[in-house]
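With the sequence up front, the predicted model follows.
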Amino acid sequence: MHHIAEVERNNIRENLKSTKFLSIMSDGSTDSSVKEEELVYVRFCHKGKIESKFVGIKSVEKADTAHISNAISAIIVCDEWGSKLVALGTDGAAVMTGAKNGVVSRLKGTRAYIIGIHCMAHRLELTFSDAIQSNVMFQKVEDLLSGLYTFYHTSPLSRVNSFQALGHTPLLPTRIGGLRWVGHLLDHFLRGYQGLVQHLEQIQSADAHHHHSRSPQLLVLITGST
């Protein structure tokens, strides 16, 4: 694996040497050990073809401007990348886009021609949230999905027994919030809908061994019944 990665890294390095301009796309994420990681992609033109390549991931001690900027600089495999940089794509967090001390401003330096681009996927998520926040139906859906997540993920017994007796593949709702959560959460909810309804109905029965005080409310929300 190491040797394959090194070959790919060398190929990208050679391509970046021959290109006149390049753009960087960067975003942070938290790994399973709850450690902040910075991921970096480069976008450039090679022999008339636009290419986007993953160039690396690096742990950052602290998710601030200095550490993120240093991580990006260390990841880029081309020594001349600074003089070829024309654009930076990031999320809209202040640490990235801050006018005075953001990562984009820090990497731009005195090169005013470099463009900072707010990622469209991140902007869409924020736009959706702001536009629909006051909608009553959205609030009901949010309460339902948040309630289902809490109900199954904080109760090991509910999680284990939820689909076992019903013969359904476990597909539990994911957490609300963050970025790009809407599609994933609704996909899980819709695909697991039948199992969720059957399980909530099952634990309402008089002979159910384990009854949860929240389950009747969730059943009403999920089925629309009263």
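All right, it came through fine. Please read all numbers here as calculations on a predicted model, not as lab measurements.

from here on, contacts and neighbour counts on C-alpha atoms
Fine.

can you list contacts of stretch 95-115?
Contacts with stretch 95-115, where a contact means Cα atoms under 8 Å, 6 or more residues apart in numbering, come from 64-66, 68-69, 85-88, 90-91, 94, 116.

Any of the residues you listed buried? List them.
Using 16 or more other Cα atoms under 10 Å as the burial test, the contacts of stretch 95-115 include 65, 68, 69, 85, 86, 87, 88, 90, 91, 116 as buried.

What about those residues, which are in helices?
65, 68, 69 (DSSP state H).

Can you show me the helices along this protein?
Going by DSSP H, the chain shows helices at 2-18, 65-75, 81-84, 94-97, 103-108, 120-132, 136-153, 156-164, 181-191, 193-202, 215-223.

Read off the pLDDT value for residue 128.
Note for residue 128: predicted pLDDT of 76.

Also residue 5?
Confidence score, pLDDT, at residue 5: 84.

cool, residue 52 as well?
94.

Can you name the residues bridging to the residue lying closest to it once chain neighbours are set aside?
Excluding the flanking residues, the one nearest residue 52 by Cα to Cα, 6 or more residues apart in numbering is residue 43, at 4.3 Å. Per DSSP bridges, the residues bridged to residue 43 are residue 23, residue 52.

How many residues are close by residue 43?
18 (other Cα atoms under 10 Å).

give the contact list for it.
Here residue 43 is in contact with 22, 23, 24, 25, 50, 51, 52, 53 (Cα under 8 Å, 6+ apart).

Max pairwise distance over the residues you listed: which two?
Spanning the widest gap among these are 25 and 50, at 14.2 Å by Cα to Cα.

Looking at the two, which is more packed in?
Using other Cα under 10 Å, the more surrounded residue of residue 25 and residue 50 is residue 25, with 20 against 9.

Give me the nearest residue to the more buried one, chain neighbours excluded.
Per Cα to Cα, 6+ apart, closest to residue 25 is residue 89, 4.5 Å.
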